[in-house]
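**Q** Generate coordinates for the sequence data below:
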Amino acid sequence: ESLTTTLRTKVLEFWPRLVLAIVVLILGRRMINIAAKRTVKGLEKSNIDVSLKKFLSSTIKIGLKILLLISVASMIGIETTSFVAVIWAAWLAIGLALQWSLENFSWWVLILLFKPYIVGDYIEAQWEAGTVDSISVFNTTLITPWWVTKIIPNGKLANNNITNYTKQKIRRIEIIVWVGYEADSQKTKKVLTELVEKHPKVLKEPIPQIALLELADSSVNWTIRPHVLNKDYREVYFELMEQLKETLDKHKINIPYPHQVIEIKNK
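**A** Numbers count the residues shown, from 1 in each chain. Sure thing, here's the model as predicted:
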């Protein structure tokens, strides 16, 4: 009779808690789904990478669900202190075991968030240069101009200087032209200016710069600095190099090259 009375008392005390916990669980899940949807909509309006959006939304959703379960467990009388301690200890152990992976993972998040480079950019970093083929959780894959695949950890890549050749819409070409001292300077400048200005893909603004760069030991060095769209850089560079030789030969402007004069004296 005493046991029955005790059980009845416990049931009466536990029943309201269980009902309240179930109600909180149902309402909590609905609120989490609503919060997750609003988070996704908010991230869609921002300029964040798609993979990072999915990662952030799923992480927030999982974190809220864990908090909800802990709250519900405490409402029905389950001691959650030890439970939280076990979760924290497990997370710490996993973090220490996967320290290298977590470092690359954190840099992956920062790369997608701040975008020092994106897929398709031509970059130079870690003594490697190539087009970004993919940005995975732990590594960034580059394709070099020689069609060699380079896989670099995100931590090493993002924690050093990065030169991004694709970030800007326009890019300046710089070509050094060696001309002999016997060539007329005004004529040389006019010929180089006309060559650059008549190229259809050279931009009018900023104005191309043609200037005398240096009076070297055996040549007068001129610099040609036109601006082009980034996508046209290599094409225009190679075309100008080819046209330079033809134009200088046509106007009989000598291009000096290293040579030696040998004198043979008879006894």
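**Q** Compute the number of surrounding residues for Ile173.
**A** When neighbours are defined as other Cβ atoms under 10 Å, Ile173 has 19 of them. Where C-beta positions appear, they are placed from N, C-alpha and C, glycine not excepted.
**Q** wait, isn't it in contact with Val236?
**A** Yes - counting by Cβ atoms under 8 Å, Ile173 touches Val236, with 6.3 Å between them.
**Q** between these two, what contacts are shared?
**A** 226, 228 (Cβ atoms under 8 Å, 6 or more residues apart in numbering).
**Q** so how far is Asn154 from Tyr257?
**A** 47 Å (Cβ to Cβ, to the nearest Å).
**Q** between those two, which one's more packed in?
**A** Under the criterion of other Cβ under 10 Å, the comparison of Tyr257 against Asn154 puts Asn154 first, with 23 against 9.
**Q** Skip the chain neighbours and tell me the closest residue to Phe105.
**A** Val137 (5.7 Å; Cβ to Cβ, 6 or more residues apart in numbering).
**Q** Quick one: residues contacting that neighbour.
**A** Contacts of Val137 by Cβ under 8 Å, 6+ apart are 104-105, 108.
**Q** List just the nearest of these to Lys150.
**A** Closest approach to Lys150 among these (Cβ to Cβ): Asn104, at 15.5 Å.
**Q** which parts of the helix or strand the closest one falls within are buried?
**A** Element membership for Asn104 (DSSP states H and E) is helix 99-114. For helix 99-114, a neighbour-count test (16 or more other Cβ atoms under 10 Å) marks 103-104, 107-109, 111-112 as buried.
**Q** which one of those is nearest Pro208?
**A** Ile111 (35.5 Å).
**Q** rewinding a little: can you list the helices and strands that the helix holding Asn104 packs against?
**A** Helices and strands touching helix 99-114, as assessed by 3 or more Cβ pairs under 8 Å, 6 or more residues apart in numbering; DSSP states H and E, comprise helix 50-75, strand 128-135, helix 154-158.
**Q** just so I know, which of those lies nearest Leu142?
**A** That would be strand 128-135 among the helices and strands packed on helix 99-114, by Cβ to Cβ, at 3.4 Å.
**Q** my guess is Thr140 is in a strand, correct?
**A** Yes - counting by DSSP: H, G, I helix; E, B strand; the rest coil, Thr140 is located in a strand.
**Q** Average pLDDT for the host helix or strand of Pro16, rounded please.
**A** Assigned by DSSP H and E, Pro16 falls within helix 2-45. Taken as a whole, helix 2-45 has a mean pLDDT of 74.
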